[in-house]
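S.K.: only the shape, not the letters, is given here:
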């Protein structure tokens, strides 16, 4: 369900064409090796998806995740059964996800500032997450391409890392505009490169 193509020092991952049933919301994960035999530094990534894609996200797992919950490699894990009910067995790992990169647009080409990159250890793995919505009466196809562009370590002055700052205490009244705030404190100076949001339409 997901395979790798090497392009010089870069990596391309492809989730080949898959079916999204009529009037169905399909979301799945694929745990995949990146294929790097040594540490790599990524300073640019591209994500290309077919229309009707809600998002693509590349996740890592929290180091504290129990080893028994690590999913099988290269196995597509749908979070919905064919009847639309949730497959909770395939959702357990979501509680241990840490965001690496992603998009809610059909195409994204993002480059980090000069001298900045994110690092992946040798033999790294990632949980690839595709989410597609089909509101039509006929089946549609989904497909995802992900390019990770690397740079030599000599070019890296700062290594960027993900910030996971959740706010799960949300109570939103229907048909009203609500402003929710939450503060996070740090014990050292940090630089924020990018902030992402995630939305769903009811």
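M.R.: That came through, no problem. Keep in mind that what you see is a predicted model, and the values were worked out from it rather than measured.
S.K.: pLDDT below threshold where in this structure?
M.R.: 1-8, 198-202 (pLDDT under 70).
S.K.: can I take it that residue 43 is in a strand?
M.R.: Yes - counting by DSSP: H, G, I helix; E, B strand; the rest coil, one finds residue 43 located in a strand.
S.K.: buried sites along stretch 77-86?
M.R.: 77, 79-80 (16 or more other C-beta atoms under 10 Å). Where you see a C-beta, it was placed from the backbone N, CA and C, and this is true even at glycine.
S.K.: equivalent analysis for stretch 100-116, please.
M.R.: Buried, per 16+ other C-beta under 10 Å, within stretch 100-116: 100-104, 108, 112, 116.
S.K.: how far away is the residue most central in space within the chain from residue 144?
M.R.: In the chain, the residue lying closest to the centroid (C-alpha atoms, centre = their mean) is residue 57, at 1.5 Å. Remark: distance between residue 57 and residue 144 (C-beta to C-beta, to the nearest Å) = 11 Å.
S.K.: now residue 134
M.R.: 15 Å.
S.K.: ok, the two, which is more surrounded?
M.R.: residue 144 (22 against 19; other C-beta atoms under 10 Å).
S.K.: check whether that one really touches residue 48, as I assumed.
M.R.: Yes - Residue 144 is within contact range of residue 48, at 7.3 Å (criterion: C-beta atoms under 8 Å).
S.K.: about what we covered before: which strands or helices does the one helix or strand the residue nearest to the centre of the chain maps to pack on?
M.R.: Per DSSP states H and E: residue 57 is located in strand 53-61. When contacts are defined as 3 or more C-beta pairs under 8 Å, 6 or more residues apart in numbering; DSSP states H and E, strand 53-61 sits against strand 97-103, strand 125-134, strand 140-150.
S.K.: centre of the chain to the helix or strand following it, how far?
M.R.: Once the chain leaves strand 53-61, the next helix or strand it forms, by DSSP H and E, is strand 76-78. From the chain centre to the centre of strand 76-78 is a distance of 14 Å (C-alpha atoms, centre = their mean, to the nearest Å).
S.K.: export the buried residues of stretch 77-86 as CSV, with columns for distance to residue 186.
M.R.: Formatted as CSV, those follow (distance: C-beta to C-beta, whole Å):
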residue, distance to residue 186
77, 35
79, 33
80, 38
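S.K.: which of those lies closest to residue 31?
M.R.: Nearest to residue 31 among the buried residues of stretch 77-86 is residue 77, at 7.9 Å by C-beta to C-beta.
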